[in-house]
Structure formats: C-alpha cells, structure tokens
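Coordinates for the following, if possible.
(chains A and B)
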There are 2 protein chains.
Amino acid sequence: MTDPAQGAASSTLDPQIAALLKRDTAGLVTAVIQEESTGEVLMVGWMDDLALHRTLTTGRSTFFSRSRGEYWVKGETSGNRQRVREVRLDCDGDTVLVKVRQEGAACHTGDRSCFDARQLSAVVVDQPEQAGS
Amino acid sequence: MTDPAQGAASSTLDPQIAALLKRDTAGLVTAVIQEESTGEVLMVGWMDDLALHRTLTTGRSTFFSRSRGEYWVKGETSGNRQRVREVRLDCDGDTVLVKVRQEGAACHTGDRSCFDARQLSAVVVDQPEQAGS
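I've put the predicted structure just below:
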C-alpha cells in the first residue's frame, strides 16, 4: 500500500457501490473503456471489486486479468496509460463504462483501439420499416 | 425459420468468423452496442454464435439472455429497435462492437442509454505526469 491515492481508510470498494454490482460467477463486471474526447470504444476489460475501487480512487484504469489471474494497471508496462474521466454503472449493475483520456495506443497490438483491426461483414438495412406505420 | 433474411444456406455463423471467437465458458462473447451517429455507448449484451450470426445477417441486433436463457431481438417487444451499421471484433476475439442506429430508448428503463442513470464518484487526475519526462 504505497500508492498515495489509496489511504488506509479506502482500501476496499465503497459498500454502497458494491451493493449495486451484479458480478458474474468469477466475481467480475465488464468494463467498457471509451475515449472521452472522441467517443471511440477502445477496449473491454474486467474488474472485480478491488480493481473497480482502484479505478475509482487512483485516476487510472485497473483491471483483473481473467487469463493471468492478476491485477493490471493499463499502461503500467507500455506507458500507454488511461486517465479516468468518468465512470458510470449500467442499469443492471453488471457493466461499467469508463471514459478515459488514452495516452498512446490502447491495444497491445499497437492499434489505437482493440476494435481497429477486424471488421466483420454485416448486412446493413438502410431503410427503416416505415410502410404502414 | 420464417425470417426471410435467413436463408437455409446461412443458418449458422460463417466458420471463418467462428474460428476467430474466444467464447466464455457459457459460449458467449460480449457485445458492446454503440450509437453510430453520436458514439454513445448504449448497452452491453451477450451473443453466442447464432445470435452473432443473426446480428450479421438480419441487420438487427440479436442477443442471448444469460438470465432467461433465450434469444432476443432488441426492440422486438418495445419497438426500440437497433439497425446494425457496422460490426467489429476485438483483438482477442471475446468482444464485438456493434455500431447501430437506435430507434427510441436503448434501455428498458426508458433511458436513452443503460449508462445514463448512475454515475460513480471517481477521482480525476487532471495533470499528466510530465515532470522529468
């Protein structure tokens, strides 16, 4: 606990927030990360109570890695940090939307967003169904 | 199979797309729904292969409900439909980003977005750490 943003009195998630969360079987909620300035969706990660607490109290996005089973602070090794600007919880409590200012690339591939590289072919219906309505 | 957008030859997900997916233990990927015109994140749902297939081929967002264990087409009962404009897969294949044109409210509460109602108090660090760098 050397992080100055985490006082001894705030080492766990606010119980009022914790009570709103609907965690999955692994104790996690989905975290959608959005660039505040452009609205671009950058990445999706996972947070347990402690990761959310750290995200809310340190100003930096913190996740729980499902594959590695450990916490990670975005940009801690790459330098491509996320400064938290706003955090919102969805209606059923299983997803947070974190608006950030992204420094550098959000994706580990070097892309700006994790969604840059792969577009799937989709049928687009241009006309709203207005006949008779 | 009365949906005219689903021919007999395309009743399952394209195997090349299916091979890219990293599903969770329930066989699902996360689906982030974003309003194309504003960039607003509207909601997050879940898709299995068939829900993604339907989303890609019918022009309408289709989800798999984890709580009800059934498929649902957004707006089928409320009329607040989503017309698919673009679908992207993230770098590790466990999340799709679906850009849509939302008709009416996206949230079942009547809010435009499922993230409208609850903002969590978060520390915002305004100054990038520039000293010495």
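
what ranges do the helices span in chain A?
For chain A, applying DSSP state H gives helices covering A:15-18, A:49-58.

which one of those is the most hemmed in?
Mean neighbour count (mean count of other C-beta atoms under 10 Å in any protein chain shown) peaks for helix A:49-58 among those, with a mean of 22. Placement of C-beta: from N, CA and C, glycine included.

Looking at chain A, which residue is nearest chain B?
Nearest residue of chain A to chain B, counting by C-beta to the nearest C-beta: A:Gly39, 2.5 Å away.

all strands of chain A, in order?
A:29-35, A:41-47, A:62-65, A:70-73, A:82-89, A:95-102, A:118-120 (DSSP state E).

The first one and chain B, are they touching?
Looking back up the chat, that one is strand A:29-35. Yes: counting by C-beta under 8 Å from any C-beta of the partner chain, contacts between strand A:29-35 and chain B involve A:30, A:32, A:34.

for the residue nearest to the spatial centre of chain A, what are its contacts?
Nearest to the geometric centre of chain A sits A:Ala31, at 3.2 Å (C-alpha atoms, centre = their mean). In this structure, A:Ala31 makes contact with A:44-47, A:51-52, A:55, A:61, A:63, A:95-98, judged by C-beta atoms under 8 Å, 6 or more residues apart in numbering or on different chains.

A:Ser44 reaches A:Thr30, doesn't it?
Slight slip there: residue A:44 is Val, not Ser. Yes: counting by C-beta atoms under 8 Å, A:Thr30 is a contact partner of A:Val44 at 6.4 Å.

and for the two, which residues touch both?
By C-beta under 8 Å, 6+ apart, the residues touching both A:Val44 and A:Thr30 are B:Thr30.

which of the two has more neighbours?
Applying other C-beta atoms under 10 Å in any protein chain shown to A:Val44 and A:Thr30 shows that A:Val44 carries more neighbours, namely 24 against 19.

Next up, the contacts around that one.
A:30-33, A:114, B:30, B:32, B:90, B:94-95.

again with A:Asn80
For A:Asn80, the contact set (C-beta under 8 Å, 6+ apart) comprises A:74, A:102-106.

Can you say which of those are buried?
By neighbour count, with 16 or more other C-beta atoms under 10 Å in any protein chain shown, the contacts of A:Asn80 hold A:74, A:102-103, A:105-106 as buried.

Kindly reformat the residues you listed as TSV and extend each row with pLDDT and distance to chain B.
Below are the buried ones among the contacts of A:Asn80 laid out as TSV (pLDDT from 0 to 100; distance: C-beta to the nearest C-beta, whole Å):
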residue	pLDDT	distance to chain B
A:Lys74	95	14
A:Gln102	97	12
A:Glu103	95	7
A:Ala105	96	11
A:Ala106	96	10
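
still on that earlier bit, ok, which of the strands of chain A comes nearest B:Ser67?
Ranking the strands of chain A by proximity to B:Ser67 (C-beta to C-beta) places strand A:95-102 first, at 13.9 Å.

Okay, now the unreliable bits of chain A?
For chain A, the stretches flagged by pLDDT under 70 are A:1-10, A:127-133.

Go again with 90.
Residue ranges of chain A with pLDDT under 90: A:1-11, A:66-67, A:125-133.

Could you dump the strands of chain A into a markdown table and include distance to B:Ala26?
As requested, the strands of chain A are exported to a markdown table (distance: least, C-beta to C-beta, whole Å):
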| stretch | distance to B:Ala26 |
| --- | --- |
| strand A:29-35 | 14 |
| strand A:41-47 | 15 |
| strand A:62-65 | 18 |
| strand A:70-73 | 23 |
| strand A:82-89 | 22 |
| strand A:95-102 | 16 |
| strand A:118-120 | 21 |
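
so which of those strands gets nearest A:Leu13?
When the strands of chain A are compared by C-beta to C-beta, strand A:41-47 sits nearest A:Leu13, at 9.8 Å.

Can you list the strands that the closest one pairs with?
Strands that pair with strand A:41-47, judged by DSSP bridges, come out as strand A:29-35 (antiparallel).

tilt between the strand it pairs with and strand A:95-102?
Between the axes of strand A:29-35 and strand A:95-102, defined by axes from the mean of the first three to the mean of the last three C-alpha atoms, to 10 degrees, the angle is 30 degrees.

Fine, thanks again, bye for now.
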